[in-house]
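Novice: show me the folded form of this:
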Amino acid sequence: MVIVKKLMLVIAAAVTVGGLIPTVPASAKSYLTITSSKNTSYNARFVNQSKRNDGIYYYAPYYTQRSAKTRDASGKNWQHRFVRISQTATLSNGTTYVKFSWYGKTIGWVNQSALQKFSRTSNAQALLTNAHFKGRAMLFNHYATGASHVSVGYADAASQSNNDSNTLFPIASLQKVMTGAIIEQLASSNKLSMNDKLSKYYPSVNNSQNITIRQLLNHRSGVSMDETTPSTVLTTQAAELNYTLQQLKTSTNQNFNYTNANYTLLAAVASKVTGQSYDTLVTNRIIKPLKLTNTYAWDNLPTDQLAATGYAFANGQDYSNDTVSQKLMSSLLGAGNYYSTPEDYYTFQKGLRNGKVLTKSQYTDLANNGAYTYAGGLYHYSGGIKRVRGALSGAGYNTVYYGTEGNKYGVILFANQSPTKSIDTLAQTLYDLASYYNEN
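Specialist: Below is the predicted model:
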């Protein structure tokens with residue numbers, strides 16, 4: 001009887017407080033538990049967030065602890081963002097959450113249904129397409145192993161022939177470092193000196209007695225020349241050189257001044273020293289040692305392989321004809337008249353340091369031991385980054401190599417339709433993509 005009386009007193013006390021027995025506070029409810037989890041590694045992007053608007057939880061999957069009771073961010077602000085998944089967790093209510101990072105920064109957890117698996121190649125292709133880029137790209141973050149190879153658009157819109165791994169693109173100024181490498185080879189074998197005066201080879205050039213080979217390599221010679229187009233196609237190396245000799249100007253001001261004429265003169269010097277044509281030097285000193293299969297002079301393109309037509313994005317439309325003049329191409333001896341593919345060009349860049357074209361010490365010498373930002377055909381930046389960009393006047397071609405000095409991380413873009421945003425900015429964006437995401 002005593003026990004019954006105590007129970008009735010407890011019930012009576014409860015009724016007097018609001019007339020009802022109080023409910024259990026929400027804070028005392030059990031959290032969801034993680035029933036299973038595993039480490040993983042794949043790429044994905046956010047989808048359908050205008051409708052779903054999933055919550056993002058920084059510290060743990062939803063409602064598995066106090067810090068994950070309410071969302072820390074909204075999925076609607078992450079629509080189409082490219083992320084990397086590192087962990088999955090299945091909860092006691094049957095849902096699966098994933099832990100994700102964005103360009104190397106861990107963000108948190110989101111419902112797996114908010115994401116769609118998406119490859120690095122697909123993401124790069126989307127970025128390039130949005131910029132109206134047409135051409136070929138190569139992204140790499142462990143040398144060529146696991147590289148992303150991306151083709152966008154037509155090599156020839158009239159025949160609807162797609163850009164692919166065999167499409168040839170004019171590399172424009174990306175050729176200059178090839179010329180520079182040949183000069184470095186000749187200097188290393190004492191066939192010439194970086195301190196040689198231009199007057200030793202071409203005394204007819206004004207002020208040539210005060211211009212060195214090194215200054216030509218670094219665009220600090222005082223030589224200048226507009227990228228003019230000859231009235232006819234120049235069919236011999238002698239004609240190509242004579243055109244430059246007639247058009248160039250010189251100055252005693254030897255500050256940095258980028259001009260193609262410097263590298264035409266270097267190509268001519270290499271020929272004079274060796275007694276071989278520039279094209280023969282490229283073949284024997286670069287193409288053959290590296291076993292390149294898709295690198296050709298402008299006037300020696302294979303008939304069974306497609307060279308990309310040049311285009312522009314104009315009046316809101318792709319593929320407005322903007323191809324290069326053959327007359328102009330014929331005038332760019334040593335400076336921008338070769339065709340190649342991103343894959344061949346990557347092999348060449350590796351050859352500049354691995355002993356097949358230059359040794360590492362010769363490469364360092366070509367770079368003038370870091371004395372200037374531009375040296376020997378490449379720009380060299382702090383943080384171990386090199387860059388080189390090429391374009392042809394009056395044409396839609398645009399090329400860029402942006403990557404680490406050791407060629408481990410980088411991106412190569414060969415465009416036959418220039419993007420609507422800066423190709424340098426696009427290359428840096430894709431470099432970050434290559435740096436923080438693997439292909440899978």
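
Novice: mind listing what's buried along stretch 257-271?
Specialist: 259-271 (16 or more other CB atoms under 10 Å). The C-beta positions use only the backbone N, C-alpha and C, and glycine is treated the same way.

Novice: now those in a markdown table, with secondary structure?
Specialist: Below are the buried residues of stretch 257-271 laid out as a markdown table (DSSP: H, G, I helix; E, B strand; the rest coil):
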| residue | secondary structure |
| --- | --- |
| 259 | coil |
| 260 | helix |
| 261 | helix |
| 262 | helix |
| 263 | helix |
| 264 | helix |
| 265 | helix |
| 266 | helix |
| 267 | helix |
| 268 | helix |
| 269 | helix |
| 270 | helix |
| 271 | helix |
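
Novice: now for the residues you listed, which pair is the farthest apart?
Specialist: Between any two of the buried residues of stretch 257-271, the greatest separation by CB to CB is 19.5 Å, found for 259 and 271.

Novice: so what pLDDT did the spatially closest residue to residue 160 that is not a sequence neighbour get?
Specialist: Once flanking residues are discounted, residue 160 sits nearest to residue 154: 6.1 Å by CB to CB, 6 or more residues apart in numbering. As predicted, residue 154 sits at a pLDDT of 98.

Novice: now swap in the one 10 residues further on and tell me
Specialist: pLDDT for residue 164: 98.

Novice: check the secondary structure at it for me.
Specialist: Under the three-state scheme (three-state DSSP), residue 164 adopts coil.

Novice: for residue 208, see how far away it is.
Specialist: Note on residue 164: its distance to residue 208, by CB to CB, to the nearest Å, is 46 Å.

Novice: now do residue 180
Specialist: From residue 180 to residue 208 the distance is 19 Å (CB to CB).

Novice: quick one, helices of the chain?
Specialist: Assigned by DSSP state H, the chain shows helices spanning 2-16, 120-130, 176-188, 213-217, 237-247, 260-274, 278-282, 288-290, 326-329, 342-351, 360-366, 423-436.

Novice: packing partners of the third one?
Specialist: Contact partners of helix 176-188 among helices and strands, from 3 or more CB pairs under 8 Å, 6 or more residues apart in numbering; DSSP states H and E: helix 213-217, helix 260-274, helix 278-282, helix 360-366.

Novice: name the residues of it that are buried.
Specialist: Of the residues in helix 176-188, those buried (16+ other CB under 10 Å) are 176, 177, 178, 179, 180, 181, 182, 183, 184, 185, 186, 187.

Novice: now the last one. Nearest residue, chain neighbours left out?
Specialist: Read that as residue 187. Spatial nearest neighbour of residue 187, chain neighbours left out: residue 194 (5.4 Å); criterion: CB to CB, 6+ apart.

Novice: from residue 351, how far off is that neighbour?
Specialist: With CB to CB as the criterion, residue 194 and residue 351 are 21 Å apart.

Novice: now residue 313
Specialist: In terms of CB to CB, residue 313 sits 34 Å off from residue 351.

Novice: and for residue 122, the neighbour number?
Specialist: By other CB atoms under 10 Å, 15 other residues sit near residue 122.

Novice: do you know the pLDDT at it?
Specialist: We have a pLDDT of 97 for residue 122.

Novice: in the stretch 101-250 of the chain, where is pLDDT below threshold?
Specialist: Under the criterion pLDDT under 70, no range of the stretch 101-250 of the chain is flagged.

Novice: now whichever strand in the chain runs longest, how far from the chain's geometric center?
Specialist: Longest strand in the chain by number of residues (criterion: DSSP state E): strand 34-46. In terms of CA atoms, centre = their mean, to the nearest Å, the centre of strand 34-46 is found 28 Å from the chain centre.

Novice: try stretch 226-241
Specialist: 32 Å.

Novice: if you count neighbours, what's buried in that stretch?
Specialist: Residues 227, 229, 230, 234, 237, 240, 241 are the ones in stretch 226-241 that count as buried (16+ other CB under 10 Å).

Novice: from those residues, which is closest to residue 287?
Specialist: For these, the nearest to residue 287 is residue 237 (17.1 Å; CB to CB).

Novice: tell me how far the residue lying closest to the closest one once chain neighbours are set aside lies from residue 416.
Specialist: Closest residue in space to residue 237, ignoring its immediate chain neighbours: residue 277 at 5.5 Å, by CB to CB, 6+ apart. Applying CB to CB, the value for residue 277 to residue 416 is 28 Å.

Novice: okay, the two: which has more neighbours?
Specialist: The residue with more neighbours, out of residue 277 and residue 416, is residue 416; 33 against 17, by other CB under 10 Å.

Novice: surely that one touches residue 163?
Specialist: Yes - proximity of residue 416 to residue 163 meets the contact threshold set by CB atoms under 8 Å, at 7.1 Å.

Novice: overlap in contacts of the two?
Specialist: 134, 135, 153, 155, 308 (CB atoms under 8 Å, 6 or more residues apart in numbering).

Novice: give me the neighbour count for the closest residue to the second one other than its chain neighbours.
Specialist: The reference is to residue 135. Leaving aside its sequence neighbours, residue 135 sits nearest to residue 415 (CB to CB, 6+ apart; 3.9 Å). Residue 415: 29 surrounding residues under other CB under 10 Å.

Novice: cool, and residue 160?
Specialist: By the other CB under 10 Å criterion, the neighbourhood of residue 160 contains 8 residues.

Novice: what about the nearest residue to residue 212 once chain neighbours are set aside, neighbour count?
Specialist: Excluding its sequence neighbours, the residue lying closest to residue 212 (CB to CB, 6+ apart) is residue 195, at 5.5 Å. A count of nearby residues for residue 195, using other CB under 10 Å, gives 10.

Novice: phi and psi next, for residue 195.
Specialist: As for residue 195, its main-chain torsions (degrees, to the nearest 10) stand at phi -90, psi 0.

Novice: do you know how far residue 114 is from residue 53?
Specialist: Distance, residue 114 to residue 53, by CB to CB: 9 Å.

Novice: name the residues contacting each of those two.
Specialist: Both residue 114 and residue 53 are in contact with residue 75, where contact means CB under 8 Å, 6+ apart.

Novice: who has more neighbours out of the two?
Specialist: Shown here are residue 114 and residue 53; by other CB under 10 Å, residue 114 has more neighbours (23 against 15).

Novice: quick check: closest non-adjacent residue to that one.
Specialist: Spatial nearest neighbour of residue 114, chain neighbours left out: residue 54 (4.0 Å); criterion: CB to CB, 6+ apart.

Novice: okay, the closest residue in space to residue 263 that isn't next to it in sequence and residue 212: tell me how far apart.
Specialist: Excluding the flanking residues, the one nearest residue 263 by CB to CB, 6+ apart is residue 335, at 4.0 Å. Relative to residue 212, residue 335 is positioned 18 Å away (CB to CB).
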